[in-house]
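> sequence and predicted structure, then a few things I'm wondering about:
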Amino acid sequence: MKPNILAMVALAAALTACSNKTEAPVANDTASAPTTAASDADAIKGVEAAILAGYKAKDSAKVVAQYADTAVMVVPGAPAIQGHDAIVKAVADSINDPAFSIDFTNSGTDVAMSGDLGYTHGTFRVSITDPDTKKPVSMAGNYTTVFKKQADGGWKAINDIASAGS
C-alpha cells in the first residue's frame, strides 16, 4: 500500500471502540488505587468514544480535540504524523474521503500506577479510496494508543501505533 493510505489507516487506528474490558490494575498499598485506575480507564474509553463519534459524524474538530498538540501517529511504510497541524490534515483527508469507514475492537485498557499514562490496544478495520485506482480498499490490523492525563484531569491521545495484518 502507498504511504498516504497507510497514514489514513494509522489515523483510523487511533479511533478505538470503548465497549471492552479493562485489565486489572497492579496492586499497591493505596486502597483507592483500583477505583482510581478503573475510573481513569473509563475516562480513556470515553476519549476513544469521542474520537470514534467524531469520525462517524464527520466532525474533524471533535476528533482532533481528543489529541494532545504534540501527538504522534506511526504507521508502517510512511513518515510519522507529528503534531496538531499534521493530525488536522490527516483527519480532514480521511473524513472527506467518500469511501472512509472505520471500526475498532478494543482488546484491553490499562492505566499506569502513577495515574498519568494509560494505553489501549486492539484491532481495527478501515476502508478508504485508493488514490491511484480511485477504488475503495479495506485494511485490517492492530493498534496501540497511549494516553496522557492532562493538567485539567482529562485524557488525550499522545501516541498511536498501527500495524497492518491480522
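The structure has been received and is ready for your questions. In this text the structure is predicted, and so the values were computed from the model without any measurement.

> does Thr145 touch Tyr119 like I think?
Yes - under the criterion of C-beta atoms under 8 Å, Thr145 makes contact with Tyr119 at 6.4 Å. Bear in mind the C-beta positions are built from the backbone N, C-alpha and C, glycine included.

> more neighbours: these two, which one.
Using other C-beta atoms under 10 Å, the more surrounded residue of Thr145 and Tyr119 is Thr145, with 29 against 19.

> what's the following helix or strand after the top helix by length along the chain?
Of all the segments of type helix in the chain, defined by DSSP state H, the longest one is helix 33-56. Per DSSP states H and E, helix 33-56 leads on to helix 60-64 as the next helix or strand towards the C-terminus.

> which ones are touching Thr70?
Gln82, Gly83, His84, Ile158 (C-beta atoms under 8 Å, 6 or more residues apart in numbering).

> and the helices in the protein?
3-13, 33-56, 60-64, 83-95.

> check those for me and report the most buried one.
helix 3-13 (a mean of 24; mean count of other C-beta atoms under 10 Å).

> average pLDDT across that one?
The average pLDDT within helix 3-13 is 44.

> what's the average pLDDT for the longest helix of the chain?
Per-residue scores along helix 33-56 average to 88.

> helices or strands up against it?
Other helices and strands packing on helix 33-56, by 3 or more C-beta pairs under 8 Å, 6 or more residues apart in numbering; DSSP states H and E, are helix 60-64, strand 101-111, strand 117-129, strand 136-149, strand 155-164.
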